[in-house]
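>>> give me a model of this one.
(2 chains)
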Amino acid sequence: MNKEELTPHVEELKRVLEEKVTEKELMDELDKYVNEYGVDMESAKRAIRRKFGGEESGFVTGNAVSKKIGDLAGNEPNVDITARVVYVEKKQIRARGEDKTIISGILGDDTGTASFTIWSDSYDLEKGSVYIFKNAYIKTWNDRIQVNMGSRGVVEKSDATIDLPERTISYTSVESKIGDLKEGMGNVSVTGRILSVEERNVNVRGEDKIVYSGLMADDTGKVQFSAWNDHNLKEGETILITNAYIRGWKGIPQLNIGDRSEVSRVDDPFGSADLDMSSNKTLREVSESGGGLDITVSGLVVDLRGGSGLIFRCPQCNRSVLGGECTNHGKIDPVHDLRMKIVLDDGSGAIGAVLNRELTEKLTGVTLENAVSLSKARGESGIIAREIAPKILMKRLVLRGNVMSDEYGPMMIVSEADTEEVDIEKAATKLLDVVEGTL
Amino acid sequence: MNARETAWRVFAGELNSSSLEIKSEEEKSPSYLVTPLGAKLNRILIAGVLLDKENTGTEEEPMWRGRIQDVSGNFFINVGRFQPNAAASMADIEAPSYVAVVGKVRTYTADDGRVFVTVRPETVTNIDERTRNLWVLEAAQSTWDRLVRMKDALRVQNAGRQDLVNKGFSQEDADGIISALEHYGIPESSKYLKLVQNSLRMLLPDRNIDLGLPEDIADAPDEIVLGEDTGKGKEFLLSLLEAMDMGELGVSMDVILKKAAENGMSPEEVEEASDALMDDGLAYEPKVGFLKAI
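Below is the predicted model of the structure:
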């Protein structure tokens, strides 16, 4: 698209952004999105509106309204908030290839608290002082309200006195069991036993760092941790970590022990219990948390998905391939493999699960050898999935493995699988007892 | 992240009593059928005896219909042409046999406002009696859990969704229960208890189970009769054809469907009855869209 074609769109953006950005800047931006990156016009304009602080509904900027923190809905494009700074820190981030310092922390008033981010380094806010945050835009992240100060935002000292309810002033860590940790949680305290720890060298934004990472567990589950300072962690000891924060990798929560975190040795409350074991969860719990390590679930197999049965893999990268061609290695001589992609459902929730050759053979009795010869005899490989389906559908399975999430929802990479035998008579008697006891 | 819709274990008795559909305003969002006990169904898992099956399509493009009976009534399944796996299974499975079906709930509203519920299978599996019993157990447990949740919800005075969430109900449950109460009112608990009782009697035949329910509650008269009892449908249709005969062309299907709906017959039933009449040589189609008695 040439400049002339872009001009009306630039004009539109200029109106929306209230001429905060120069026409030339807008033209360059739009040109980059549309011509350089091939983004469609609508998405490009939306992106630019967002980038320069004009929210999605930026057509209705107008004057800012004043709101209390407790009244924020989470999508306001332009509000003024008078609040006390409960906690503040400056952070280095890397945005669009540039190092940038931002200010973030927690705001509080008599109605609640919210985290805030000022996307610049131009203020020195004091913890405990009251400020008016003008022209803030509000977002919601992980069900938490976030106050953002973009290019339009202004922070001014205020004479107002703000009384915070006692509980918010202290800004204390929230205690959590490992099984309840969710991606995006900040400021949690966790007690757990270290199952393993190792030292790794990593490169963070051009800087060599040592990170101490491993697994820790309590009686509700296991989690991977990364400590960014040396706390002299030892396998087998039980520690209390305060001010940890949780990031996620594909839905699996990861506990970060950062600069603000404190680590102390505590008496082991778990006794002689072996914590290196899998935690049982319902599928509703698993779908809600989105992922986790070493989880055990049970349910009925309600679907056998495409990509199950006899498949072919690239001998070099092990990726599954179609038609003897690997996206990375071109024409190859594929190797056979057997797998199942199932959906397990316990009536409370449902997740996908992938079972490898060994487990597929064990559960269905169809071996790779049978599968290869059958597919050769029939001249097609699709027959195997049709052979397997009646052998696995409606079977009750217990699966153990790690669960991660992608755009298709949670999925378990299964390490152990067994059919589950339910004593129907016993379970029915139990239900009868409950029913009779209640009536 | 879009989690997959859970397959609810629900008895025909509860499913067929449902008439509240919640259609999402947003594109591509699922729609739900809310049961009187507050389950928000999109996908269900059912099991029972496949009573009969019929291919209403062609050999190349089969459209299977079937009726599955559980301890409380019949489920009606309709396999469309876009469910090749389910269609292939239907071709292989002979009635009667135990089957399990995972599928999406579909509704059809007749002119008189009655709602008929059918199931569009994603998978149809031949199962053994044990697996059927396991399903009955899970469905009984889940029906009981819903009854208990409903009872707990009714204890909260003038509860709204948020009140229930504050009391520890999940958003989904709170939503389903409030929607159900608004639409159906307080459920007749003995009707659903009876489903649980019937299941337990089946699973524990040696125990003389008596939950003290009035025995006169009909054992779920099958209200949805898509294609069931074609005898009655045939009789009705034949009398209609005779009474409304307009001469050479007989009666137009539009008129038949309207009259049939007034008498509580769904288009599926009409179709079934008219097919049966034609098979019997009692009626024919003088022209597409018309039916005439011989």
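
>>> what's the following helix or strand after the helix or strand bottoming out on mean pLDDT in chain B?
When the helices and strands of chain B are scored by mean pLDDT, DSSP states H and E, helix B:230-243 comes last with a mean of 74. Once the chain leaves helix B:230-243, the next helix or strand it forms, by DSSP states H and E, is strand B:251-252.

>>> what about that following strand, average pLDDT?
Averaged across strand B:251-252, pLDDT comes to 84.

>>> quick one, domains of the chain?
In the absence of a named chain, chain A is used. A:3-52, A:65-168, A:174-275, A:280-419 (automatic domain parsing).

>>> wait, chain B was what I had in mind.
B:1-223, B:230-293.

>>> what residues does the stretch 151-300 of chain A have near chain B?
A:251, A:283-284, A:287, A:290, A:300 (Cβ under 8 Å from any Cβ of the partner chain). For the C-beta atoms, the positions are set from N, CA and C on the backbone; glycine is no exception.

>>> just the buried ones from those?
Neighbour counting by 16 or more other Cβ atoms under 10 Å in any protein chain shown classes A:251, A:283-284, A:287, A:290, A:300 among those as buried.

>>> got the CA positions of stretch A:198-206 in PDB?
This file holds the C-alpha atoms of stretch A:198-206, laid out as PDB (Å, rounded to 0.1, in the frame of the first residue of the first chain):
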ATOM      1  CA  GLU A 198      20.900 -28.000  40.400                       C
ATOM      2  CA  GLU A 199      22.900 -25.100  39.400                       C
ATOM      3  CA  ARG A 200      22.500 -23.800  35.800                       C
ATOM      4  CA  ASN A 201      24.200 -21.000  33.900                       C
ATOM      5  CA  VAL A 202      21.700 -18.900  32.000                       C
ATOM      6  CA  ASN A 203      22.000 -15.800  29.900                       C
ATOM      7  CA  VAL A 204      19.400 -13.300  30.800                       C
ATOM      8  CA  ARG A 205      19.300 -10.200  28.500                       C
ATOM      9  CA  GLY A 206      22.900 -10.500  27.700                       C
END
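
>>> quick check: buried residues in that stretch?
Under 16+ other Cβ under 10 Å, stretch A:198-206 has no buried positions.

>>> give me the contacts around it.
The contact list for stretch A:198-206 (Cβ atoms under 8 Å, 6 or more residues apart in numbering or on different chains) reads A:92, A:94, A:99, A:208-214.

>>> nearest residue to the closest residue to chain B within the stretch 51-200 of chain A other than its sequence neighbours?
Taking Cβ to the nearest Cβ as the measure, the stretch 51-200 of chain A has A:E183 as its residue closest to chain B, at 10.5 Å. Closest residue in space to A:E183, ignoring its immediate chain neighbours: A:G248 at 3.0 Å, by Cβ to Cβ, 6 or more residues apart in numbering or on different chains.

>>> circling back: redo the buried ones among the residues of the stretch 151-300 of chain A next to chain B as CSV? Include pLDDT and secondary structure.
Shown next, in CSV, are these (pLDDT from 0 to 100; DSSP: H, G, I helix; E, B strand; the rest coil):
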residue, pLDDT, secondary structure
A:G251, 83, coil
A:L283, 94, helix
A:R284, 91, helix
A:S287, 88, helix
A:G290, 83, coil
A:L300, 97, strand
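
>>> out of the residues of the stretch 151-300 of chain A next to chain B, who's nearest A:S66?
If you rank those by distance to A:S66 using Cβ to Cβ, A:G290 comes first, at 36.5 Å.

>>> what sits against that closest one?
Counted by Cβ under 8 Å, 6+ apart, A:G290 has contacts A:182-183, A:248, A:251, A:403, A:405, A:410, B:1.

>>> switch the cut-off to 7 Å
Contacts for A:G290 (Cβ atoms under 7 Å, 6 or more residues apart in numbering or on different chains) come out as A:183, A:251, A:405, A:410, B:1.

>>> contact residues of the stretch 101-250 of chain B facing chain A?
B:102, B:122-123, B:125-127, B:131, B:133-134, B:137-138, B:140-142, B:144, B:196, B:200, B:203-204, B:209, B:211 (Cβ under 7 Å from any Cβ of the partner chain).

>>> can you select the buried ones among those for me in PyMOL?
Selection of buried members from these for PyMOL, criterion 16+ other Cβ under 10 Å:
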select buried, chain B and resi 102+122+123+125+126+127+131+133+134+137+138+140+141+142+144+196+200+203+204+209
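
>>> can you flag which of the residues of the stretch 101-250 of chain B next to chain A belong to helices?
Using DSSP state H, B:131, B:133-134, B:137-138, B:140-142, B:144, B:196, B:200, B:203 are the members of those that sit in helices.

>>> could the residues you listed go into JSON lines alongside distance to B:N55?
Below are these laid out as JSON lines (distance: Cβ to Cβ, whole Å):
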{"residue": "B:T131", "distance to B:N55": "26"}
{"residue": "B:N133", "distance to B:N55": "30"}
{"residue": "B:L134", "distance to B:N55": "30"}
{"residue": "B:L137", "distance to B:N55": "33"}
{"residue": "B:E138", "distance to B:N55": "31"}
{"residue": "B:A140", "distance to B:N55": "33"}
{"residue": "B:Q141", "distance to B:N55": "35"}
{"residue": "B:S142", "distance to B:N55": "33"}
{"residue": "B:W144", "distance to B:N55": "38"}
{"residue": "B:V196", "distance to B:N55": "36"}
{"residue": "B:L200", "distance to B:N55": "37"}
{"residue": "B:L203", "distance to B:N55": "34"}
